[in-house]
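Trainee: Make a model of this:
(one chain, ligands or ions: 1)
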Amino acid sequence: MAEVIVVGGGVGGMVSALLLARDGHQVRLYEQLPRLGGKLAEYRRDGFAFSLGPSLLTLPEIFTELGVALEPVELAELCRYRFPDGTSLTAYRDPARMAAEVDRLAPGEGAAWQAFHQWARGCYDASQRTFFTGPLTRPPAEARLSDLTAVAPGRTLAGLARRYFRDPRLRRYVARYATYAGSSPYRAPAALACIPAIEHDHGGWYVPGGLPRIADALAELLAKAGVEVHLETRVSRVLADADRVRGVELAGGEQVRAGVVVVNADAAALYGTLLPDRTRLRRIARLGLSSSVMLILAGVEGRTEGLPHHSIVFSDDYETEFADIFDRRRPPEDPTVYIGSSVVDDAAQAPVGTENWTMLVNVPAGDPARWPMSPESYRDLVLERLAGRGHDLAGRLRFADLFTPADLRDRYGSWGGAIYGTPYRGALAPFRRPGNRGPRRGLYLVGGSAHPGGGLPLVAMGGRIVAGLVAEDLAGGRR
Ligand SMILES: Cc1cc2nc3c(=O)[nH]c(=O)nc-3n(C[C@H](O)[C@H](O)[C@H](O)COP(=O)(O)OP(=O)(O)OC[C@H]3O[C@@H](n4cnc5c(N)ncnc54)[C@H](O)[C@@H]3O)c2cc1C
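Mentor: Numbers count the residues shown, from 1 in each chain. Next up, the predicted model:
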């Protein structure tokens, strides 16, 4: 049995803590905030509930298999996309229905969608054998040589979309999946097509009461497994000798000893402040920052006919939008807007006769004080753009509160407010993220900024990988 410390109670930290406690270790978890869950958080105002993070759950079995006692509900529609010409596409899980919908939008392209889906599915299968299940420190036992080509090295996600679809609207639907990883479709590898494969093969899900209930359920499991949870306790330093970790120092100065330390804080925070390491920090800096978001959390009077749970209202020019975010590093002048309204499937999320609208816009990581306009002015611009595209909220807004990259940075310690640490840029990007083993014996990394990446299912997979590594290293006497 080892003494384990987990730094941070995001989903990756919680899953690692749970599995390590179940393996018989004595686990202490330190979280700087007053609650567990990290970015899986909620905001409540005047009877309205909003998720400050995830709104779409994929691969729910990852959580139910852990014993999370929730009953996720499958959504009838994955998402509705509205294009600048006023047309729309509804994404359904069922491949035949999806192909028919694609044919309705762009006659003749349904077969192309089937072919795309087939390719994406193969890419997901290959990734499962190679990428999602292991730490990438050695060739995975299940890997096949053909897996290397199945992920189309050298092609970008936008390039893949061009290969399968003639219609620019369908190309855009594929390209958008890069944003699930905080990346630009014009630089992200084609392998991100795993994401639509997961949605279409496994569905999109909601948890009644809101996705943050997953964090509450995980917290209960931690208590049952005997994990000692310390809230509102910031770790200021990881203590280590030249070759192994010794524990952590808390913000108050107290030192706590442990032979295993799992860091769920951002990798850049680990190498920047917790255990300073200029070389590793520079390596991360070279990879750059993933995108961030600005959320507009709006209490909306009345009910909107036909409002879906998830919808996307596309900008006119997608390439310019990503050049704004990643090159010009300013919030896009013409943003694509995600609109989420959980009240569509869960009446308790907003007062009777109203709607909870979360409007999400991708923006560059970094301080909004450097934007050419204030977040409030940018909110007005976003609302104006939406009004021009059929979603006029004038006269219906009870409030429209903001959550910006500065909030992501200040609350969670996310580097520059980036959602996922570094972006996926180039064919080797998935292999360049910080690994799960740290540079000292007994030190591990888990969470959205480390392998295998961000998003609820991936950070939970990261938790599993870390628990496996600890078991392996202890058995092999490496730690
Ligand atoms: C707006 C938004 C929308 C999203 N939408 C989706 C979605 O629809 N579906 C999906 O699957 N994913 C979505 N995600 C991504 C998902 O929320 C994250 O990838 C995931 O929750 C991150 O988990 P994590 O393990 O990296 O931990 P984090 O959530 O990053 O938590 C890390 C924790 O560590 C704590 N911490 C940091 N430093 C210290 C320290 N020194 N001492 C103590 N504690 C510390 C922080 O306070 C925090 O609680 C979204 C994210 C955002 C922000």
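
Trainee: What residues does the stretch 251-400 of the chain have near the ligand?
Mentor: 264, 265, 269, 293, 295, 360 (CB under 6 Å from any ligand atom). Every C-beta, even on glycine, is put in place using the N, C-alpha and C of the backbone.

Trainee: The lengthiest helix in the chain vs the ligand: in contact?
Mentor: Longest helix of the chain, by residue count under DSSP state H: helix 456-475. Yes: applying CB under 6 Å from any ligand atom, one finds helix 456-475 in contact with the ligand at 456, 459.

Trainee: what about the residue in the stretch 201-350 of the chain that the ligand sits nearest to, neighbour count?
Mentor: Closest approach of the stretch 201-350 of the chain to the ligand (CB to the nearest ligand atom) occurs at residue 265, with a separation of 3.3 Å. The burial metric for residue 265, expressed as a neighbour count using other CB atoms under 10 Å, is 28.

Trainee: For the stretch 1-150 of the chain, just list every one of the strands.
Mentor: With DSSP state E, counting those that start in this stretch, the ranges of strands along the stretch 1-150 of the chain come out as 3-7, 26-30, 42-45, 48-51, 73-74, 79-82, 88-91.

Trainee: Contact residues of the stretch 51-200 of the chain facing the ligand?
Mentor: Proximity of the stretch 51-200 of the chain to the ligand is confined to 53, 54, 55, 56 under the rule CB under 6 Å from any ligand atom.

Trainee: out of those residues, who has the most neighbours?
Mentor: Neighbours here mean other CB under 10 Å. Within those, the largest count is held by residue 53, at 24 neighbours.

Trainee: show me the contacts for that one.
Mentor: With contacts defined as CB atoms under 8 Å, 6 or more residues apart in numbering, residue 53 is in contact with 38, 39, 40, 41, 211, 212.

Trainee: ok, 6 Å please
Mentor: 39, 40, 41 (CB atoms under 6 Å, 6 or more residues apart in numbering).

Trainee: Also near the ligand: which of those residues, exactly?
Mentor: Among the contacts of residue 53, proximity to the ligand is found for 39, 40 (CB under 6 Å from any ligand atom).

Trainee: what sits against the residue of the stretch 301-450 of the chain found nearest the ligand?
Mentor: With CB to the nearest ligand atom as the measure, residue 447 is the residue of the stretch 301-450 of the chain nearest to the ligand, at 2.9 Å. For residue 447, the residues meeting the contact criterion (CB under 6 Å, 6+ apart) are 10, 12, 264, 459.

Trainee: Over to residue 2?
Mentor: Residue 2 sits next to 25, 259, 260 when contact means CB under 6 Å, 6+ apart.

Trainee: can you rerun that using 10 Å?
Mentor: 20, 23-27, 258-260, 442, 470-471, 473-474, 479 (CB atoms under 10 Å, 6 or more residues apart in numbering).

Trainee: Check the gap between it and the ligand for me.
Mentor: Applying CB to the nearest ligand atom, to the nearest Å, the value for residue 2 to the ligand is 20 Å.

Trainee: With residue 87 instead?
Mentor: Between residue 87 and the ligand the computed distance is 25 Å (CB to the nearest ligand atom).

Trainee: is it true that residue 442 touches residue 245?
Mentor: Yes: A contact is recorded between residue 442 and residue 245 when judged using CB atoms under 10 Å, the distance being 4.2 Å.

Trainee: Between these two, which contacts overlap?
Mentor: Residues touching both residue 442 and residue 245 (CB under 10 Å, 6+ apart) are 5, 238, 258, 259, 260, 261, 262, 479.

Trainee: My guess is residue 20 contacts residue 258. True?
Mentor: No: distance between residue 20 and residue 258: 11.1 Å, which falls outside the contact criterion (CB under 10 Å).

Trainee: who's more crowded, these two?
Mentor: Of the pair residue 20 and residue 258, residue 20 is the one with more neighbours under other CB under 10 Å, namely 26 against 22.

Trainee: measure the more buried one to the ligand for me?
Mentor: Per CB to the nearest ligand atom, residue 20 is found 15 Å from the ligand.

Trainee: how about the helices in the stretch 101-250 of the chain?
Mentor: If you assign secondary structure with DSSP state H, counting those that start in this stretch, the helices in the stretch 101-250 of the chain sit at 110-127, 146-150, 157-164, 168-175, 194-202, 213-225.

Trainee: Near residue 254, how many other residues are there?
Mentor: For residue 254, the neighbour count with other CB under 10 Å is 9.
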